[in-house]
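>>> Give me a model of this one.
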Amino acid sequence: MDGLDAFLLARIQFAANITFHILFPTISISLAWVLLYFKLRFVKSKNQHWMDAYQFWIKIFALTFALGVVSGITMSFQFGTNWPGYMEKVGNIAGPLLAYEVLTAFFLEATMLGVMLFGRERVSERVHTLATFLVAAGTTMSAVWILALNSWMHTPAGFEMINGQAHVTSWLQVIFNPSFPYRFTHMMLASGLTVAFLVAGVSAYRWLRQDRSAEVKASLRTGIYLAAMLIPLQIIVGDLHGLNTMEHQPAKLAAMEGIWKTPKPGEGVPAILFGLPDAASKSNQYEIGIPNLASLYLTHSLHGEVKGLDQFEGNHPPVAPVFWAFRIMVGTGMLMLLVSWASALRLAPWKRDPTRDLTVWHARLLVAMTFAGWVALIAGWYVTEIGRQPWLVTGVLTSAEAASKVPAERIALTLAVYVSLYLALIVAYISVVFYLARHRTHADEPFGSGMEDTLNPVNYTDKGANQKVKPAGAAHA
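Here you go, the predicted structure:
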């Protein structure tokens with residue numbers, strides 16, 4: 001194998017690592033806030049089913065958090081093994097941001113997670129609720145630092161080059177670089193949608209297995225309503241993010257839209273619904289598009305000019321993977337919109353029918369969509385990262401310049417090990433999630449109880465280790 005093969009293998013290896021790793025922080029970021037919501041509903045209403053939901057989903061959160069930590073450590077090693085030129089050139093910026101993430105977020109999450117898991121009978125309810133909030137805040141702060149670094153790599157600002165190394169001139173400009181607000185908001189909404197469909201899908205799975213408890217129905221509604229609220233916001237933010245990309249990374253946008261040639265003034269750009277990008281002919285085979293639509297949503301004019309790939313000869317990303325990943329992301333998003341809104345209307349709170357519930361068809365569809373957020377997330381991440389090529393840091397450092405001289409055979413061996421391990425872990429993770437759903441028991445509610453159980457008050461005292469929570473009128477102590 002020659003050097004190019006080793007370079008490509010290193011890129012594939014890093015892609016495999018980041019693909020696996022990003023699945024878990026995406027869940028833990030928003031699932032922590034859902035746990036806080038369950039906890040606050042329990043504290044306010046004193047209804048036990050909210051605590052049952054909390055206790056069920058905290059197990060999945062802990063499992064997710066553990067896999068995120070392990071995969072993150074593995075991924076970080078590659079900066080030194082496969083990409084030494086990265087830290088050598090921009091380490092003065094990347095190093096502190098990664099350190100801030102550990103010092104201000106990871107330690108907080110790890111410490112407070114112990115209180116969440118094992119401290120409820122050892123601390124007061126207020127302290128336990130505070131620990132839940134701090135874990136949620138920590139996961140979000142972690143996303144801030146990581147996305148600040150990633151965004152800076154796309155739209156670098158606030159630095160100067162001295163003797164071939166990047167040095168910070170303004171940390172505010174580094175962190176709040178031109179793409180950070182859009183990228184951070186887009187990612188947070190993607191996290192929320194991933195968790196919304198996870199909660200809805202697992203709850204629908206339990207519902208199909210005849211677990212019609214108040215806990216399941218409360219979780220199901222939480223997931224559905226959350227997805228229905230977030231998906232329109234994600235569409236709006238995605239559009240704004242696209243406009244930001246057109247301004248700062250026009251080559252990426254041209255690849256996303258499949259625009260090979262810059263149109264003549266007044267022609268406008270079509271929105272390509274389908275096509276097979278052909279790099280050899282620099283065109284799209286079997287193209288199906290809507291005339292002028294891309295100009296309309298990108299420039300707000302039917303005849304607005306959008307640069308084509310011919311303006312970036314030899315300096316643009318591979319078109320086919322970016323083109324198709326973008327359409328998978330958008331297509332999955334549209335499916336999320338239809339499923340969440342149809343389900344939300346089915347369970348609409350303004351309907352006075354007390355028997356309103358999902359149909360079996362709705363429930364099965366939600367189960368099938370359990371991990372739809374992962375599909376859209378990975379597709380969107382590929383658009384972002386492949387679309388940045390050939391740059392590792394736009395205008396500063398190319399991927400080829402940062403690559404190491406590790407022999408291709410070694411990279412291929414570790415890549416095979418990584419992929420095998422990751423496939424086994426992802427299968428195990430999904431299996432455990434559904435295993436927990438199948439074996440969930442309710443200590444305080446009869447299996448199959450209906451929504452009328454949500455009206456039962458509970459006796460509640462905030463006495464730390466001595467607290468007791470039980471349904472009013474229960475015969476047992």
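
>>> Under the pLDDT cut-off, which ranges of the stretch 301-450 of the chain? List them.
Along the stretch 301-450 of the chain, segments meeting pLDDT under 70 span 349-356, 440-450.

>>> any chance you could map the helices in it?
Along the stretch 301-450 of the chain, counting by DSSP state H, counting those that start in this stretch, helices occupy 319-346, 360-368, 372-386, 399-402, 408-438.

>>> Make a markdown table out of those helices and add distance to A136 and mean neighbour count.
C-beta here means a position set from N, CA and C on the backbone, and glycine is covered the same way. Formatted as a markdown table, the helices of the stretch 301-450 of the chain follow (distance: least, CB to CB, whole Å; neighbours: other CB atoms under 10 Å):
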| stretch | distance to A136 | mean neighbour count |
| --- | --- | --- |
| helix 319-346 | 22 | 19 |
| helix 360-368 | 25 | 16 |
| helix 372-386 | 18 | 22 |
| helix 399-402 | 35 | 18 |
| helix 408-438 | 20 | 15 |
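
>>> Reformat the ones you listed as CSV; add distance to Y205.
Listed next are the helices of the stretch 301-450 of the chain as CSV, based on distance: least, CB to CB, whole Å:
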stretch, distance to Y205
helix 319-346, 14
helix 360-368, 5
helix 372-386, 14
helix 399-402, 41
helix 408-438, 5
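
>>> who wins for proximity to T262 among those?
The closest of the helices of the stretch 301-450 of the chain to T262 is helix 319-346. By CB to CB, the value is 14.8 Å.

>>> how much space between the residue found closest to A131 once you drop the neighbours it is linked to in the chain and R41?
Computed as CB to CB, 6 or more residues apart in numbering, the closest residue to A131 that is not its neighbour in sequence is V115, at 3.8 Å. The gap separating V115 from R41 is 20 Å, by CB to CB, to the nearest Å.

>>> can you tell me how far S170 sits from F159?
Per CB to CB, S170 is found 8 Å from F159.

>>> ok, back up a step: relative to G201, which of the helices of the stretch 301-450 of the chain is closest?
That would be, of those and by CB to CB, helix 360-368, which comes in at 5.1 Å.

>>> chain center to the closest one, what's the gap?
For helix 360-368, the distance from its own C-alpha centre to the chain's C-alpha centre is 22 Å (CA atoms, centre = their mean, to the nearest Å).

>>> Which strands and helices lie in contact with that helix?
helix 180-208, helix 319-346 (3 or more CB pairs under 8 Å, 6 or more residues apart in numbering; DSSP states H and E).

>>> and the angle from it to helix 319-346?
When axes from the mean of the first three to the mean of the last three CA atoms, to 10 degrees is applied, the directions of helix 360-368 and helix 319-346 differ by 140 degrees.

>>> contacting residues around helix 360-368?
Contacts with helix 360-368, where a contact means CB atoms under 8 Å, 6 or more residues apart in numbering, come from 197, 200-201, 203-205, 207-208, 224, 339, 342-343, 346, 358.

>>> now these: which count as buried?
Among the contacts of helix 360-368, the ones that count as buried by 16 or more other CB atoms under 10 Å are 197, 200-201, 203-205, 207, 224, 339, 343, 358.

>>> since we're on Q165, how many residues are nearby?
Residues lying near Q165 (other CB atoms under 10 Å) number 14.

>>> Look up phi and psi at Y286.
The phi and psi torsions at Y286 (degrees, to the nearest 10) take the values phi 60, psi 40.

>>> Equivalent analysis for P317, please.
Here is the backbone geometry of P317 (degrees, to the nearest 10): phi -70, psi 170.

>>> who's in contact with it?
P317 makes contact with 251-252, 255, 386-390 under the criterion CB under 8 Å, 6+ apart.

>>> would TSV of those with distance to L97 be doable?
Formatted as TSV, the contacts of P317 follow (distance: CB to CB, whole Å):
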residue	distance to L97
A251	25
K252	22
A255	27
I386	23
G387	22
R388	17
Q389	22
P390	23
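
>>> Quick check: of these, which lies closest to N177?
Checking the contacts of P317 against N177 with CB to CB, the nearest one is R388 at 13.7 Å.

>>> Surely that closest one is in contact with Q249?
Yes: at 7.3 Å, R388 and Q249 qualify as touching, with contact defined as CB atoms under 8 Å.
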